[in-house]
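J.: task: produce atomic coordinates for the following.
(2 chains)
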Protein chains: 2
Amino acid sequence: MTLYSYWRSSAAYRVRIALNLKGLEYAIEPVHLVRDGGQQHAPAYRGINPQGVVPTLLHGERVFRQSLAIIEYIDETWPAPPLLPARSRDRARVRALAQLVASDMHPLNNLRVLQFLEGEWSVPQAERELWIRHWLLEGFAALEALLADHPSTGRFCDGEAPGLADCCLVPQVYNARRFGVDLAPFPNVARIEANCMALPEFAAARPEAQPDAPAA
Amino acid sequence: MTLYSYWRSSAAYRVRIALNLKGLEYAIEPVHLVRDGGQQHAPAYRGINPQGVVPTLLHGERVFRQSLAIIEYIDETWPAPPLLPARSRDRARVRALAQLVASDMHPLNNLRVLQFLEGEWSVPQAERELWIRHWLLEGFAALEALLADHPSTGRFCDGEAPGLADCCLVPQVYNARRFGVDLAPFPNVARIEANCMALPEFAAARPEAQPDAPAA
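T.: Have a look, this model is predicted:
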């Protein structure tokens, strides 16, 4: 398998965690989102991902796009250890936590949006960072409420083993740190992230551990 | 079952379609996203949906959030007719189409984002509409490429029966019309939407057919 990835892409980070949790071998094909005007816009890459975004997973001759769809595919294809709980209502809860991050936090703060704000509207950096923090804080507040208020929450978002929601939570916490968001008001989010990062599967997926990360 | 819904919410529209495709009975509990400063922010509603967004589905005593998670729950709980294909790789394709809409188009153009642009940055209406059209056009271009270039595309996004991806495509086309986006460059998108809207399950879910829609 080959994962088209960018070291700091939070959507690619999710998939790297999932592949690692399954113990799967994969090659990283770096797509630099800034260099060369954005390698994701190159015609060859657009051929496999018409949106021009990462990640894309190649498995044999098949092409998979969109991080959560890729993770569900991985989970269905290699069922152990499971990334979703067995009961339908619990699966719905985990998917909702994942989608809160993937649909309501990350899309507002990703590179193409920040490039629009800067390039089209000349929004100054301080205002762009205010924008980023606004959506992060709103999302984490909801995530914290959903985690604090549910008996399924354990060492991880769902019980005692990491899964789909943790694959989404961890990269978003990475973004929060990058943009100076204080996690103190979100103790369950912070606690679960720490439990995740203690696992080698998460540590190996982190941006700084990627082959395309810049030298420290 | 009770669906907390707003007539023009595209995420609520998705779930209404899915419930109708399954032939399920449900009550609509309207949440007016503008009136009273936004009824989704009322403490009683925040109690079941800490994010303060629609939709929320109540099934018995259980609460379900996030439109795609809700639709997957509906599909697992009432399997016929299926909203996802049987083969894992086909499911991944349908989920990716759905997530392209739900994660990369809709979140940029929903009410809370437009309110931020207007309220915090005083972005004028013409610029806000430019923003909306930008993300719609970018998303539809990718959606069209993925539909045009795949043998699974049929009368609907996946073959000859409507499913999860169609539940997402149709409300986004509604938004496109609302904001004056020409669909001529996206013939597969337009064709599939027309095929969907010919079905009573889609027609009954449309915003203007809702109990909380304003009188024409």
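
J.: going by C-alpha atoms from here, please, whenever you check contacts or count neighbours.
T.: Noted.

J.: which ones are touching A:Arg8?
T.: A:207, A:213 (C-alpha atoms under 8 Å, 6 or more residues apart in numbering or on different chains).

J.: got it, and A:Pro162?
T.: If you count contacts by C-alpha under 8 Å, 6+ apart, A:Pro162 has them with A:83, A:156, A:196.

J.: and which of those residues is nearest B:Arg95?
T.: Distance to B:Arg95 across the contacts of A:Pro162 (C-alpha to C-alpha) is lowest for A:Leu83, with 16.6 Å.

J.: just to revisit the earlier point, which of the contacts of A:Pro162 ranks first by neighbour count?
T.: Neighbour counts for those peak at A:Leu83, which has 26 neighbours (criterion: other C-alpha atoms under 10 Å in any protein chain shown).

J.: the closest residue in space to that one that isn't next to it in sequence: how many residues sit nearby?
T.: Spatially, and ignoring its direct neighbours in sequence, A:Leu83 is nearest to A:Gly163 (4.0 Å; C-alpha to C-alpha, 6 or more residues apart in numbering or on different chains). Here the number of neighbours of A:Gly163 (other C-alpha under 10 Å) works out to 25.

J.: again, but for A:Met197
T.: With other C-alpha under 10 Å as criterion, A:Met197 counts 15.

J.: now it: how far from A:Ala203?
T.: To A:Ala203, A:Met197 is 6 Å away according to C-alpha to C-alpha, to the nearest Å.

J.: ends of stretch A:53-65, what's the gap?
T.: By C-alpha to C-alpha, the extent of stretch A:53-65 from end to end equals 9 Å.

J.: give me the mean pLDDT for the helix or strand harbouring A:Gln172.
T.: Applying DSSP states H and E as the criterion places A:Gln172 in helix A:164-178. In this model, helix A:164-178 carries a mean pLDDT of 97.

J.: kindly export the following helix or strand past that helix (C-alpha atoms) in PDB.
T.: Proceeding N to C from helix A:164-178, the next assigned helix or strand is helix A:187-197, under DSSP H and E. Taking Å, rounded to 0.1, in the frame of the first residue of the first chain, the C-alpha atoms of helix A:187-197 are listed here in PDB:
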ATOM      1  CA  PRO A 187      -9.500  17.800  30.300                       C
ATOM      2  CA  ASN A 188     -11.000  14.700  28.700                       C
ATOM      3  CA  VAL A 189      -9.600  15.700  25.300                       C
ATOM      4  CA  ALA A 190      -6.200  16.400  26.800                       C
ATOM      5  CA  ARG A 191      -6.200  13.100  28.800                       C
ATOM      6  CA  ILE A 192      -7.200  11.000  25.800                       C
ATOM      7  CA  GLU A 193      -4.600  12.600  23.600                       C
ATOM      8  CA  ALA A 194      -1.900  11.800  26.200                       C
ATOM      9  CA  ASN A 195      -3.100   8.200  26.500                       C
ATOM     10  CA  CYS A 196      -2.900   7.900  22.700                       C
ATOM     11  CA  MET A 197       0.600   9.500  22.300                       C
END
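
J.: what comes up buried for helix A:187-197?
T.: When burial is assessed from 16 or more other C-alpha atoms under 10 Å in any protein chain shown, helix A:187-197 yields the following buried residues: A:188-190, A:192-193, A:196.

J.: residues of chain A that sit close to chain B?
T.: Within chain A, the residues that sit near chain B (C-alpha under 8 Å from any C-alpha of the partner chain) are A:50-51, A:64-66, A:68-70, A:72-73, A:76-77, A:88-89, A:91-93, A:95-96, A:99-100, A:102-104, A:107-108, A:138-139, A:141-142, A:145-146.

J.: out of the residues you listed, which are buried?
T.: Burial of the residues of chain A next to chain B was assessed by neighbour count (16+ other C-alpha under 10 Å); the buried members are A:50-51, A:64-66, A:68-70, A:72-73, A:76, A:88-89, A:91-93, A:95-96, A:99-100, A:102-104, A:107-108, A:139, A:141-142, A:145-146.

J.: who touches the longest helix along chain A?
T.: The helix that spans the most residues within chain A, counting by DSSP state H, is helix A:125-148. With C-alpha under 8 Å, 6+ apart as the test, helix A:125-148 has contacts from A:97, A:100-101, A:104-105, A:108-109, A:114, A:117-118, A:153, A:157, A:176, A:179, A:181, A:185-189, B:50-51.

J.: could you dump it to PDB, C-alpha only?
T.: Provided in PDB are the C-alpha atoms of helix A:125-148 (Å, rounded to 0.1, in the frame of the first residue of the first chain):
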ATOM      1  CA  GLN A 125      -2.100  36.700  10.000                       C
ATOM      2  CA  ALA A 126      -3.400  37.800  13.500                       C
ATOM      3  CA  GLU A 127      -7.000  37.600  12.200                       C
ATOM      4  CA  ARG A 128      -6.400  34.300  10.500                       C
ATOM      5  CA  GLU A 129      -5.100  32.900  13.800                       C
ATOM      6  CA  LEU A 130      -8.200  34.300  15.500                       C
ATOM      7  CA  TRP A 131     -10.300  32.500  13.000                       C
ATOM      8  CA  ILE A 132      -8.400  29.200  13.500                       C
ATOM      9  CA  ARG A 133      -8.700  29.400  17.300                       C
ATOM     10  CA  HIS A 134     -12.400  30.300  17.100                       C
ATOM     11  CA  TRP A 135     -13.300  27.100  15.300                       C
ATOM     12  CA  LEU A 136     -10.900  25.000  17.400                       C
ATOM     13  CA  LEU A 137     -12.400  26.300  20.700                       C
ATOM     14  CA  GLU A 138     -15.900  25.800  19.500                       C
ATOM     15  CA  GLY A 139     -15.200  22.300  18.400                       C
ATOM     16  CA  PHE A 140     -13.200  21.200  21.400                       C
ATOM     17  CA  ALA A 141     -16.000  22.600  23.700                       C
ATOM     18  CA  ALA A 142     -18.500  20.300  22.000                       C
ATOM     19  CA  LEU A 143     -16.100  17.400  21.900                       C
ATOM     20  CA  GLU A 144     -15.300  17.800  25.700                       C
ATOM     21  CA  ALA A 145     -19.100  17.900  26.500                       C
ATOM     22  CA  LEU A 146     -19.700  14.700  24.500                       C
ATOM     23  CA  LEU A 147     -16.800  12.900  26.100                       C
ATOM     24  CA  ALA A 148     -17.400  14.100  29.700                       C
END
